[in-house]
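> give me the fold of what follows.
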Amino acid sequence: IIQDARAAAGAFSASLPDYLVQQVTSRYFATGFPTHWQEIDVVTADLAYVDGKEDYRNIQVNGNPVNSPERSGSWSTGEFGTTLEDVMSPFTNASFKRRGEEKMMGRTAVVYDYSVAQANSHWTMVSPDGRQYKPAYEGAVWIDKESRRVLRIEQRTTAFPHDFTISRAECKLQYAWVKIEQKTYLLPSASENIGCMSGSGACTRNALEFKNYRKFTAESNITFGK
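Model prediction:
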């Protein structure tokens, strides 16, 4: 099953058409435990997926145009292929252990827990001071038993250097079947990213939704309505 899922993940980007989608990111902040999330703002962006690459345009924070959402809070990319391909890549050499089966999206999914050693990690964390680190991580994948396609990915870091400003990070990515030009594709529908700072107990949370998938053409207008 893992071998088939790796093959499907490797062919994922090549099978996709050029398309447009609206990404809506609700950003939250919390301190202390238990966590009580407070909404900071909502970031909207028109994402054009062209020739296997992501291009973010028309980025707005609470309806106001900005050049860079990172200046006002945390921001994540990679939901469209990078996360899937990296976790399933033989070069990442993840260790998989079958957990069992669950129902998801009306399908039977085989669930595997996995872990990735720091030496093989490509999951890049960027701290507020600009430093980068690729931590070891673990998580789980839900693979459609029949089609061998990944339906959900979860990952969480397991260790950081003591002097690194980030102490914990988590990511959840959910897929769903969407139609583009009367054809059906398995694409991201929602994602959640959590990051916590060392020492302070402060955490950020990004809840992402992907809406209004449609084919990208040279004449495409990438302004989306509400």
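> how many other residues sit next to the closest residue to K134 other than its chain neighbours?
Excluding the flanking residues, the one nearest K134 by CB to CB, 6 or more residues apart in numbering is S121, at 4.2 Å. Where C-beta positions appear, they are placed from N, C-alpha and C, glycine not excepted. As a burial measure, S121 scores 19 neighbours (other CB atoms under 10 Å).
> hang on, isn't S121 packed against Y133?
No - applying CB atoms under 8 Å as the test, S121 and Y133 come out as separate, 9.1 Å apart.
> right, and the helix or strand after the lowest-mean-pLDDT helix or strand in the chain?
None of the helices or strands of the chain scores lower by mean pLDDT, DSSP states H and E than helix 12-15, at a mean of 77. Proceeding N to C from helix 12-15, the next assigned helix or strand is strand 19-31, under DSSP states H and E.
> can you work out which other helices and strands pack against the helix or strand following that following strand?
Note on strand 19-31: by DSSP H and E, the next helix or strand toward the C-terminus is strand 38-50. Helices and strands touching strand 38-50, by 3 or more CB pairs under 8 Å, 6 or more residues apart in numbering; DSSP states H and E, are strand 19-31, strand 53-61.
> for strand 38-50, which positions count as buried?
By 16 or more other CB atoms under 10 Å, the buried positions in strand 38-50 come out as 40-41, 43-49.
> repeat that for stretch 116-126.
Under the neighbour-count criterion of 16+ other CB under 10 Å, stretch 116-126 has 116, 121, 123, 125 buried.
> what angle do the helix or strand hosting E209 and strand 38-50 make?
Using DSSP H and E, the element containing E209 is strand 202-215. Between the axes of strand 202-215 and strand 38-50, defined by axes from the mean of the first three to the mean of the last three CA atoms, to 10 degrees, the angle is 30 degrees.
> and strand 202-215, what's buried?
Neighbour-count burial for strand 202-215 [16+ other CB under 10 Å]: 203-208, 210, 213-214.
> what about it, distance to the chain center?
9 Å (CA atoms, centre = their mean, to the nearest Å).
> from here on, count from 23
With the count now opening at 23, the last piece we talked about shows up as strand 224-237.
> and it, what does it pack against?
Strand 224-237 sits against strand 41-53, strand 188-202, strand 205-219, with contacts defined as 3+ CB pairs under 8 Å, 6+ apart.
> list the buried residues of the shortest one.
Buried residues in strand 41-53, counted by 16+ other CB under 10 Å: 41-50, 52.
> where does pLDDT dip in the protein?
Residue ranges of the chain with pLDDT under 70: 90-103, 240-248.
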